[in-house]
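A.B. asks: sequence and predicted structure below; questions after.
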Amino acid sequence: MSFQDLEAGCGPGGSRRGELLNNGGRQDATQAVVSGVFQINTAVNTFQRLVNTLGTPKDTPELREKLHKTRLHIGQLVKDTSAKLKQSSETDHHAGVSASKKIADCKLAKDFQAVLKEFQKAQRLAAERETAYAPLNGSSSSQSHLRI
């Protein structure tokens, strides 16, 4: 299944848009969380790749700026997905919600926590490497205060 399928709300069995609308929109929040976790995971992988470049000949002020922007982007994705996860879990407390949806939402919450742990590990490593290594091609003015 591709990311486009997730965005469109299609599962492995074909289009589910009608199904999503017919059950009162309960699946919409869950699908939004699925999409959010996928986007966070993809962004964290990008972040980790950038962190692995710190301290190498490709470590430049531009790389560090890209690292910073990626960190901010992930933070926004986490904030949005967390709100959607909360919304989805609140609907699980209503009568008539299937056990399979509750289980799926629980698994999504665990997936969300796992990707957050990976991001936290990558952030710690980034902080260590950013302070240990100066970027090549000169030090940017925003980084020079760290070298005092």
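C.D. replies: The structure has been received and is ready for your questions. Numbers count the residues shown, from 1 in each chain.
A.B. asks: Glu130 reaches Glu65, doesn't it?
C.D. replies: No: counting by CB atoms under 8 Å, Glu130 does not reach Glu65; the two are 11.8 Å apart. Where C-beta positions appear, they are placed from N, C-alpha and C, glycine not excepted.
A.B. asks: neighbour count winner among the two?
C.D. replies: Neighbour count, other CB atoms under 10 Å: between Glu130 and Glu65, Glu130 has more, with 19 against 14.
A.B. asks: tell me the buried residues in the helix or strand containing that one?
C.D. replies: Here Glu130 is covered by helix 99-132, with elements defined by DSSP states H and E. Buried residues in helix 99-132, defined by neighbour count with 16 or more other CB atoms under 10 Å: 101, 104-105, 108-109, 111-112, 115-116, 118-119, 122, 126, 129-130.
A.B. asks: any idea which of those residues is closest to Lys86?
C.D. replies: Ala109 (9.8 Å; CB to CB).
A.B. asks: thinking again about what came up before, which strands or helices does the helix holding Glu130 pack on?
C.D. replies: Using 3 or more CB pairs under 8 Å, 6 or more residues apart in numbering; DSSP states H and E, the elements in contact with helix 99-132 are helix 26-53, helix 61-91.
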